[in-house]
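Trainee: I'll drop the sequence and a predicted model, then ask my questions.
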There are 2 protein chains.
Amino acid sequence: MSTPRMRVVASVPGGIGNFGPGLDVLGCALTGARDEVMAEWSQTAGVTIIDAGHPQLPRDPAKNTASIAAAAVMRTAAERGVPLTQPGIAITIKKGLPLSGGQGGSAASAVAGAVAANALIWPTDSGLAVNDLLACALAGEEAVAGRHLDNIAPSLLGGIVLVRSLDPIEVIKIQVPAGLRIVLATPAQQLTTTRARSVLPTEVLRSIVVHQLAQVAAVIAACNSEDLALLGRAMDDRIAEPARTPLLPGFADAKKSALDAGALGVSISGAGPTAFALCDSDAIATKIGSAMQSAYAHAGLDCTVRTCEVDSQGAIVRDA
Amino acid sequence: MSTPRMRVVASVPGGIGNFGPGLDVLGCALTGARDEVMAEWSQTAGVTIIDAGHPQLPRDPAKNTASIAAAAVMRTAAERGVPLTQPGIAITIKKGLPLSGGQGGSAASAVAGAVAANALIWPTDSGLAVNDLLACALAGEEAVAGRHLDNIAPSLLGGIVLVRSLDPIEVIKIQVPAGLRIVLATPAQQLTTTRARSVLPTEVLRSIVVHQLAQVAAVIAACNSEDLALLGRAMDDRIAEPARTPLLPGFADAKKSALDAGALGVSISGAGPTAFALCDSDAIATKIGSAMQSAYAHAGLDCTVRTCEVDSQGAIVRDA
């Protein structure tokens, strides 16, 4: 019998949810900033939080996305009669992703909580099936950001992921086109997902629906044919972006500036305020970053920019 | 200088518009029945109709989809100063596709009119660019069935085609998955496109929109990965199909029967009344056809069925 792990770390990328026209259904993981959850066995039953990773994040395990996800994994293990080394799991969260930034931070923490608990409980095999892990992470995400997997799935699996169905869960990995660079511009503004979701329309005009259907289909076609120009043209979201633009000072100008600087397409990352721009080279990415920073400065907002690629790894586990 | 052609025939496949969740944006061409337009030079200016191909089709060139499309090609030629052999074109239409059947007959005739006129005017090269031909055919389709290219584009180009944009026109050919069989079941009911469009909702609930976005994206992913089971699951149209089902006696039962007989997915072809079922073998296609015929018989409707594949050729031209 192998020695049980006493402590593991799950490291999980953030990324873009609501990728272009793919409201609630399309997301991608990005290289760079990651959230980490260290999980260790504890004599205290259930999931406890040693460190929530940020003063604004709840230390109540019933309210924290990472602990809720970890608890869902423990519950699934219990339902299946899997023996636990100790009665509880204590987690330590390290936030690399911004809070309420639109970079998939809550999803990354939820995935990290689920993956860390999974690795602790099943040290010798991969543990829960992918869809079970997604369901556990979704329980965490749902508590803070709504019931959708478009950040969760790419954070777990890496790459660009389409969520075809939530009940039952079905996610599809989409080919990542070579050469894609993504500039993230995060203005110094916090916008809660709750607020950003509240402005989404309850109903959508059929003409807009038809347009959006064509764009989201074109995104998949563009990825498969590695046609970055088409991918850029298809980033034409007419549902969420027009509704959220009024909540995002500087975004409209930043978008225009990015396109003028050579971006192939620009839209809002997740629920904002982060904006993303697609391009095909590091040189153009640098120009786009400067142009977006200037545009946000005109709106009186500091803005951090970073250039990334699509992360292909997703969640990774290491011993701690 | 080469001899001008005096007479040509364009032969054009029909197909499925509104392919599954792809309302107004996704269509495919099918093998089997085709519409033909013979075009010949005439001393009568403009486009005249020698034979409209069916007693119910207008002989007035201003009202017939094929002649409107041919006239649009002539107008484009005139705008570009292309000399005409004679002042007019006379067309003879041969309908292989049913009227108001939901098999893309009006689009096929429009494409045939445009392609035949194009081949007559430009005998030595391909003539108008694809997007110009699409625009001319669209002028014909628009007069009878609304402004959409989801039947027109596959009829011209063959295959499965996504219409990303109408202004400007941009269409994208999608990979056709190997082994796909399509059963068309056409109950003895005429349903005009106008009537079938009138029941479409003006606005769509956002939850339905999100579902439909996921399905149309999954259709493209399924075609690219040649995953016929996924393609079938993604044929889940929650916008047009629920609205049109009440207009289509027998459809709900025929759909259920087809799925029970092994269909991977079933929906309405174009605006109906034809229904289509996807499967992966001729043997299952035969079973599905019988099952659908029985279901329509229960509703008191005769029903013709045929099994086809995706047509890869699109419009073809021959000398007459």
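Mentor: Yep, that arrived.
Trainee: so A:E36 makes contact with A:G105?
Mentor: No. Counting by Cβ atoms under 8 Å, A:E36 sits too far from A:G105 to count as a contact (11.9 Å). For every residue, glycine as well, the C-beta is placed using N, CA and C.
Trainee: which SS state does the residue of the stretch 51-200 of chain A at minimum distance from chain B fall under?
Mentor: Ranked by Cβ to the nearest Cβ, the top residue of the stretch 51-200 of chain A for proximity to chain B is A:R164, at 4.5 Å. Classification of A:R164 by DSSP: H, G, I helix; E, B strand; the rest coil places it in strand.
Trainee: how about the contacts made by it?
Mentor: Contacts here follow Cβ atoms under 8 Å, 6 or more residues apart in numbering or on different chains; on that basis A:R164 touches A:25, A:170-172, B:214-215, B:217-218, B:230, B:233-234.
Trainee: let's see it at 6 Å
Mentor: A:170, A:172, B:214, B:218 (Cβ atoms under 6 Å, 6 or more residues apart in numbering or on different chains).
Trainee: among these, which are located in helices?
Mentor: Judged by DSSP state H, the subset of these located in helices is B:214, B:218.
Trainee: from the contacts of A:R164, pick the one nearest B:A52.
Mentor: Within those, proximity to B:A52 (Cβ to Cβ) peaks at B:A218, which comes in at 40.7 Å.
Trainee: hmm, back to that, could you dump the contacts of A:R164 into TSV and include distance to A:S290 and pLDDT?
Mentor: Written out in TSV, the entries for those read as follows (distance: Cβ to Cβ, whole Å; pLDDT from 0 to 100):
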residue	distance to A:S290	pLDDT
A:E170	41	98
A:I172	36	98
B:A214	36	98
B:A218	38	98
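Trainee: among the contacts of A:R164, which one has the most neighbours?
Mentor: Using other Cβ atoms under 10 Å in any protein chain shown as the neighbour criterion, B:A218 leads the contacts of A:R164 with 29 neighbours.
Trainee: just give the nearest non-adjacent residue to it, would you?
Mentor: B:A234 (3.8 Å; Cβ to Cβ, 6 or more residues apart in numbering or on different chains).
Trainee: if you count neighbours, what's buried in the helix or strand where A:A107 lies?
Mentor: Assessed by DSSP states H and E, A:A107 sits inside helix A:105-121. Residues A:105-121 are the ones in helix A:105-121 that count as buried (16 or more other Cβ atoms under 10 Å in any protein chain shown).
Trainee: only C-alpha atoms, please: export that helix in PDB.
Mentor: Listed in PDB are the C-alpha atoms of helix A:105-121, where the atom choice follows Å, rounded to 0.1, in the frame of the first residue of the first chain:
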ATOM      1  CA  GLY A 105     -10.200  34.100 -10.500                       C
ATOM      2  CA  SER A 106     -13.100  32.600  -8.600                       C
ATOM      3  CA  ALA A 107     -13.200  29.700 -11.100                       C
ATOM      4  CA  ALA A 108      -9.500  29.100 -10.800                       C
ATOM      5  CA  SER A 109      -9.800  29.000  -7.000                       C
ATOM      6  CA  ALA A 110     -12.800  26.600  -7.200                       C
ATOM      7  CA  VAL A 111     -10.900  24.300  -9.500                       C
ATOM      8  CA  ALA A 112      -7.800  24.500  -7.300                       C
ATOM      9  CA  GLY A 113      -9.900  23.600  -4.300                       C
ATOM     10  CA  ALA A 114     -11.500  20.600  -6.100                       C
ATOM     11  CA  VAL A 115      -8.200  19.400  -7.600                       C
ATOM     12  CA  ALA A 116      -6.200  19.700  -4.400                       C
ATOM     13  CA  ALA A 117      -8.800  17.800  -2.400                       C
ATOM     14  CA  ASN A 118      -9.100  15.200  -5.200                       C
ATOM     15  CA  ALA A 119      -5.300  14.600  -5.200                       C
ATOM     16  CA  LEU A 120      -5.200  14.300  -1.400                       C
ATOM     17  CA  ILE A 121      -8.100  11.800  -1.200                       C
END
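Trainee: which elements pack onto it?
Mentor: Other helices and strands packing on helix A:105-121, by 3 or more Cβ pairs under 6 Å, 6 or more residues apart in numbering or on different chains; DSSP states H and E, are strand A:7-16, strand A:26-42, helix A:65-79, helix A:130-145, helix A:152-157.
Trainee: flag every residue of chain A that's near chain B.
Mentor: If contact is defined as Cβ under 6 Å from any Cβ of the partner chain, the residues of chain A in contact with chain B are A:23-25, A:162, A:164, A:172, A:202-206, A:209-210, A:213-214, A:216-218, A:220-221, A:224.
Trainee: buried only: go through the residues you listed for me.
Mentor: Judged by neighbour count, with 16+ other Cβ under 10 Å as the criterion, the buried members of these are A:23-25, A:162, A:164, A:172, A:204, A:206, A:209-210, A:213-214, A:216-218, A:220-221, A:224.
Trainee: show me the domain layout of chain A.
Mentor: As assigned by automatic domain parsing, chain A contains the domains A:7-174+A:311-319, A:181-308.
Trainee: pick the most deeply packed of those.
Mentor: domain A:7-174+A:311-319 (a mean of 23; mean count of other Cβ atoms under 10 Å in any protein chain shown).
Trainee: how long is it end to end?
Mentor: Using Cα to Cα, to the nearest Å, the end-to-end distance of domain A:7-174+A:311-319 comes out at 7 Å.
Trainee: cool, stretch A:296-303 as well?
Mentor: End to end - Cα to Cα - stretch A:296-303 spans 7 Å.
Trainee: pLDDT-wise, which helix or strand of chain A ranks last?
Mentor: In chain A, no helix or strand scores lower on mean pLDDT, DSSP states H and E than helix A:193-198, which sits at a mean of 87.
Trainee: state the distance from the nearest residue to A:E170 once chain neighbours are set aside to B:L180.
Mentor: Across the structure, with Cβ to Cβ, 6+ apart as the measure, the residue nearest A:E170 apart from its sequence neighbours is A:R164 (4.5 Å). A:R164 is 19 Å from B:L180, where distance means Cβ to Cβ, to the nearest Å.
Trainee: could you report the separation of A:A129 from A:W122?
Mentor: Plainly put, A:A129 is 11 Å away from A:W122 if you go by Cβ to Cβ.
Trainee: now do A:G20
Mentor: 36 Å.
Trainee: what's near enough to touch A:V176?
Mentor: Contact partners of A:V176, counting by Cβ under 6 Å, 6+ apart, are A:159-160, A:310.
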